[in-house]
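In: Dropping a prediction and its sequence here:
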There are 2 protein chains.
Amino acid sequence: MSKGANTRQRIIELAAPIFNQRGYAGASMQDVMDATGLEKGGLYRHFSSKEELAAEAFRYALANAVKTRTEKLGGVQGTIPRLRFVIERFVEAPSTVPGGCPLMNTAIDADDGNPVLRELARKGIEDWKLRLTAMVREGISAGEIRPETEPRRIAHALIAGLEGALMISRLEGTQQALVDVRATLNAMLDAIAADGPSGVRPV
Amino acid sequence: MSKGANTRQRIIELAAPIFNQRGYAGASMQDVMDATGLEKGGLYRHFSSKEELAAEAFRYALANAVKTRTEKLGGVQGTIPRLRFVIERFVEAPSTVPGGCPLMNTAIDADDGNPVLRELARKGIEDWKLRLTAMVREGISAGEIRPETEPRRIAHALIAGLEGALMISRLEGTQQALVDVRATLNAMLDAIAADGPSGVRPV
């Protein structure tokens, strides 16, 4: 990496927690200058606008969150255990960048706001849903998940439950909501497992 | 109501969607001046600070959301139907104030930010949990809900699922996530209903 590319990357890494914690409107270029020790000119040499920096900071924070949530997933055998692992990892480590899940933060921050960030958040949710629906489909093909299961519904339940629980947990300063929702989501997985208890209606 | 109290109330009502859509940092007193047609002096005659106005705007937006979600609940017989009604109302009308659920917006906005708003959001979640856990307990006492059910877990699953689904739905501009999560949460209620299918493990 060239010196310029190094500096650019360092700015992104230092800006990510600022945008993740304060939101787009709440984070200022002055905050980033303070964190990086760069002058205004130095910052704008690498980013043409606050919007460009915020977008890069979001991409960096999201890539980190996805990496944390999916690494070691390859070592888990079976679709139901893999889905349980997804839940477990989210509960254990919702984000490596301070400020909570960058996806939810940016989704809430940008749903009536910045269109570039809104589109990045929408794409982040879409990618997450694609990863989860693919896992459910694999499970159906492999006979591990009941064939009547709707993959999209499972993906929505997992993402909504985990993100909603993180919102409550961060507000309360305890893991309780995340731990409770983990149990509920695991019960949902019991209900769609092909070898699960009988008499359970598909979700 | 006196003329002054009327003006104060009108400012709160016009400020509520601004704070709910843009967040605390993104909403400015200038925005509120533009919306109300008041001068700075007129605004500060009623509110000593932006924080005070934001807190009142949040209280107003939340009270409206709670009213929409709970009115007509009294006419629903039975605890399980009442819990289903809570889900239904949230999916149909998540907020009367533009910008989505004020509780989630303020929770995400303030979890690393303004302590007054953070405390109001925390209290809002606590009150919602109290309403839901009371309903589950009533259901257990009445023999309508399985006695091994943990009321707090049901409350967390409902709030997390609904708020998380609203986040996705607003981002995508479709009802799909809310509709899917409604089905998942209704399946959870089937599982805790005393007359539900056998073989379902308690959640």
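Out: Yep, it's here. Residues are numbered from 1 along each chain as shown, chains lettered A, B, ... in the order given.

In: Report whether the longest helix along chain A contacts chain B.
Out: Using DSSP state H to define each element, chain A has its longest helix at helix A:115-141. Yes - remark: helix A:115-141 sits within contact range of chain B at A:R118, A:A121, A:R122, A:I125, by C-beta under 8 Å from any C-beta of the partner chain. For the C-beta atoms, the positions are set from N, CA and C on the backbone; glycine is no exception.

In: The third one touches B:L171, doesn't it?
Out: Looking back up the chat, that one is A:R122. Yes - the pair A:R122 / B:L171 is scored as a contact, 5.0 Å apart, by C-beta atoms under 8 Å.

In: and these two? which has more neighbours close in?
Out: B:L171 (25 against 19; other C-beta atoms under 10 Å in any protein chain shown).

In: tell me the contacts of that one?
Out: Contact analysis of B:L171 by C-beta atoms under 8 Å, 6 or more residues apart in numbering or on different chains lists A:A107, A:D111, A:R118, A:A121, A:R122, A:I125.

In: same thing but at 6 Å, please
Out: With contact set as C-beta atoms under 6 Å, 6 or more residues apart in numbering or on different chains, B:L171 has these partners: A:A107, A:D111, A:A121, A:R122.

In: Could you identify the pair within those residues that is furthest apart?
Out: Farthest-apart pair in the contacts of B:L171 is A:D111 and A:R122; separation 9.3 Å (C-beta to C-beta).

In: C-alpha coordinates for the host helix or strand of A:A160, PDB please?
Out: Applying DSSP states H and E as the criterion places A:A160 in helix A:151-172. C-alpha atoms of helix A:151-172 as PDB (Å, rounded to 0.1, in the frame of the first residue of the first chain):
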ATOM      1  CA  PRO A 151     -36.400 -19.200   3.600                       C
ATOM      2  CA  ARG A 152     -37.200 -15.500   3.400                       C
ATOM      3  CA  ARG A 153     -39.400 -15.700   6.500                       C
ATOM      4  CA  ILE A 154     -36.600 -17.300   8.500                       C
ATOM      5  CA  ALA A 155     -34.100 -14.700   7.300                       C
ATOM      6  CA  HIS A 156     -36.400 -11.800   8.300                       C
ATOM      7  CA  ALA A 157     -37.100 -13.400  11.700                       C
ATOM      8  CA  LEU A 158     -33.400 -13.800  12.400                       C
ATOM      9  CA  ILE A 159     -32.300 -10.300  11.300                       C
ATOM     10  CA  ALA A 160     -35.300  -8.500  12.900                       C
ATOM     11  CA  GLY A 161     -35.000 -10.400  16.200                       C
ATOM     12  CA  LEU A 162     -31.200 -10.000  16.500                       C
ATOM     13  CA  GLU A 163     -31.100  -6.300  15.500                       C
ATOM     14  CA  GLY A 164     -34.200  -5.500  17.700                       C
ATOM     15  CA  ALA A 165     -32.700  -7.300  20.700                       C
ATOM     16  CA  LEU A 166     -29.400  -5.500  20.200                       C
ATOM     17  CA  MET A 167     -31.200  -2.200  20.300                       C
ATOM     18  CA  ILE A 168     -32.900  -3.100  23.600                       C
ATOM     19  CA  SER A 169     -29.600  -4.600  25.100                       C
ATOM     20  CA  ARG A 170     -27.600  -1.500  24.200                       C
ATOM     21  CA  LEU A 171     -30.200   0.800  25.700                       C
ATOM     22  CA  GLU A 172     -30.400  -1.200  28.900                       C
END
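
In: buried stuff in that helix?
Out: Buried residues in helix A:151-172, defined by neighbour count with 16 or more other C-beta atoms under 10 Å in any protein chain shown: A:151, A:153-172.
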